[in-house]
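J.: sharing a model prediction with you, sequence too.
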Amino acid sequence: MITSEIFILIAIFCCIPLWIISVYNQFVTLRNLIASAWAQTEVQLRRRYDLIPNLVEIVKGYATHERETFEKVAQARSTAMNVATPEAKAGAENALTGTLKSLFAIAEAYPELKANQDFSALQQELTNTEGFIAECRSHYNDAVLAFNNALQVVPANIVAALFKFQPHEYFGVPDVAVREPAKVQF
């Protein structure tokens with residue numbers, strides 16, 4: 001007959017591996033949620049990248065002497081498309097946003113450009129896309145928060161260390177100047 005001490009030891013040795021498997025699966029699920037959120041963010045960023053050349057071409061037609069601004073927009077777009085990590089992507093996206101502000105400032109100087117339906121439609125589409133990017137960024141950061149929290153809580157942090165799970169980076173806004181509201185002058 002099995003004594004109660006042996007029964008307790010058997011129960012412990014059976015439960016610990018099941019618990020480790022459960023925690024490991026939780027980390028994998030959260031890691032996959034982060035990957036999915038990042039993929040959705042990339043889709044919206046790609047949409048933004050695809051809109052920018054069309055917008056630049058329309059503005060070029062009205063403001064041909066603003067070549068330096070067009071080159072800066074193209075360079076910022078290219079840089080943003082070629083970075084991979086959320087931290088690097090955040091910096092590149094903020095630079096791109098800054099150059100787009102310059103492009104829209106040029107548009108303000110040309111009333112006939114502001115009245116152009118194609119320009120207005122692209123500007124509206126870009127504004128909508130910026131909203132989608134903000135939502136995706138928020139979803140990604142929420143997934144990173146859940147994963148990073150799971151890595152740090154006891155006793156799950158033991159399993160995280162055992163399987164070498166690492167915290168993920170947030171897709172933030174590193175530049176303090178970008179955090180300030182845009183100044184609009186009429």
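T.: Done, it's in.

J.: phi and psi next, for the residue nearest the centre of the chain.
T.: The chain has Arg137 as the residue nearest its centroid, 4.1 Å off, counting by C-alpha atoms, centre = their mean. Dihedral pair for Arg137: phi -60, psi -40, per degrees, to the nearest 10.

J.: need the contact list for it.
T.: By C-beta atoms under 8 Å, 6 or more residues apart in numbering, the contact set of Arg137 is 41, 171. Every residue, glycine included, has its C-beta placed from N, CA and C.

J.: and if you look at Ala150?
T.: Applying C-beta under 8 Å, 6+ apart as the definition, the contact partners of Ala150 turn out to be 26-27, 30, 156, 160.

J.: other residues contacting stretch 166-173?
T.: Where contact means C-beta under 8 Å, 6+ apart, the residues beyond stretch 166-173 that reach it are 34, 38, 41, 85-87, 89-90, 94, 137, 140-141, 144-145, 147-148, 151, 179.

J.: out of those, which are buried?
T.: Neighbour counting by 16 or more other C-beta atoms under 10 Å classes 34, 38, 41, 86, 89-90, 94, 137, 140-141, 144, 147-148, 151 among the contacts of stretch 166-173 as buried.

J.: and the two most separated of the residues you listed?
T.: The widest separation within the buried ones among the contacts of stretch 166-173, taken as C-beta to C-beta, falls between Asn94 and Leu151 and amounts to 27.3 Å.
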